[in-house]
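>>> Just need the structure, nothing else, for what follows:
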Amino acid sequence: MIFQIEFFNWVAESAGVMVFISAFIALTWLGYERKRRGSFTRRKASEGEEVKKFNLPRFLKILSYLGIAVGILDIWAGAMGLILDIPPSFRFAAITEYGADHFTCIFLIVIGIAMLFKPVNDMPLASIIGILAGSAAALALVLFVPDSAVEIIAYWINPKLGLIIVFIVVTALVALTAKFYIGILQAISKFLSWPPIAFLIMVFCFVQGILLWGFGMSIFVNFF
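Numbering: from 1, shown residues only. Sure, this is the predicted structure:
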C-alpha cells in the first residue's frame, strides 16, 4: 500500500516523464493506423481492408491496449498537477518559480482520455454500460423495496414483469445517453490516432518530455 501511494505521488510529480512515455503510445497509434488504413494520410480503410484489420501485428494491438494504463496515469498526473499546482518535473521545480505547467497538465488529461477510448472504438461500450445500469437498478429494487410495497405493486402488475420493464427502460435510457457522450470521446480518439496527427503528437511528446524532464523547460509558458 505504501509503495502504491509513493508510486502515484511520483506520477503526480512527473508529468514530464508521462508526456515522454505517451510518445511511445502515439508511436503505436501511428504504426497501427497506418497499417490498418494502408496509407499514412487516408482517413479510413476501405471495406476490404477493414475485413483484414484483425491480421495486424499482434504486438501493435498489445501496445495499444497498454495505452489504457498509461492513459489512466496521464489523467492522474494532469489532474493532480492542476489541482495541487505540482511542477511537471523535479528539474522544472528546481530552476523555475512556476508550479504546474498548465498546458502540459491539460494535454495529459486530453491524451489520457484518448488512450482510454482508443482500444474500445469497436466495442459496444454504451450497450455494456446500459446493461450494467439496468441490472444495478433491478438489483437495487429487489434489495431495498420492502415486502409491503411489493404487495401493493402486485395489485397493479406482476413484480417480476415490473423488474423486467425497469431493466429495459433503464438500460435503454443509459445506453442512449452514454452512446452520445462516448461517441464524442471516441471521435476525439479516432482523430488523434489518425497517422498525421499521431505523428505530430509523438514528436511533441518526445520534445516536451525531454525539455521538462532534462532541462526544466516547457514549449509553452503558463497561460493562466
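
>>> mind checking the backbone torsions on Tyr98?
phi -80, psi 160 (degrees, to the nearest 10).

>>> what number of residues lie near it?
16 (other CB atoms under 10 Å). Just so you know, the C-beta spots here come from the backbone N, C-alpha and C atoms, and that holds for glycine as well.

>>> doesn't Pro87 make contact with it?
Yes: judged on CB atoms under 8 Å, Tyr98 makes contact with Pro87 at a distance of 6.7 Å.

>>> Can you list the low-confidence ranges for the protein?
For the chain, applying pLDDT under 70 flags the ranges 1-5, 37-64, 119-127, 150, 221-224.

>>> Give me the longest helix you can find in it.
helix 159-193 (DSSP state H).

>>> Buried residues, it. List them.
159, 162-163, 167, 170-171, 174-175, 178-179, 182, 185-186, 189-190, 192-193 (16 or more other CB atoms under 10 Å).

>>> what about stretch 7-16, how long is it end to end?
This stretch, stretch 7-16, spans 15 Å end to end (CA to CA, to the nearest Å).

>>> which parts of that stretch are buried?
Val11, Ala12, Glu13, Ser14, Ala15, Gly16.

>>> With stretch 107-117 instead?
Counting neighbours by 16+ other CB under 10 Å, stretch 107-117 gives Phe107, Leu108, Ile109, Ile111, Gly112, Ile113, Ala114, Met115, Leu116, Phe117 as buried.

>>> And stretch 144-161, by the same measure?
Buried residues in stretch 144-161 (16+ other CB under 10 Å): Pro159.

>>> Likewise for stretch 78-98?
Result for stretch 78-98 [16+ other CB under 10 Å]: buried residues Gly78, Ala79, Met80, Gly81, Leu82, Ile86, Pro87, Pro88, Ser89, Arg91, Phe92, Tyr98.

>>> For the residues you listed, work out which two are farthest apart.
Farthest pair in the buried residues of stretch 78-98 (CB to CB) is Ala79 and Arg91. Separation: 21.6 Å.

>>> hang on, the earlier thing: between the buried residues of stretch 107-117, which is nearest Phe215?
Phe107 (17.8 Å).

>>> host element of that closest one?
Using DSSP states H and E, Phe107 sits in helix 102-117.

>>> Val203 too?
helix 195-210.

>>> residues near Leu219, how many?
In this structure residue 219 is Ile, not Leu. For Ile219, using other CB under 10 Å, the count is 12.

>>> Please report phi then psi for it.
The phi/psi pair for Ile219 (degrees, to the nearest 10) is phi -60, psi -40.

>>> OK, contacts around it?
Phe103, Phe204, Val207, Gln208, Leu211 (CB atoms under 8 Å, 6 or more residues apart in numbering).

>>> show me what contacts the fourth one?
Right, Gln208. Gln208 touches Gly16, Val19, Phe20, Thr104, Phe107, Ser218, Ile219, counting by CB under 8 Å, 6+ apart.
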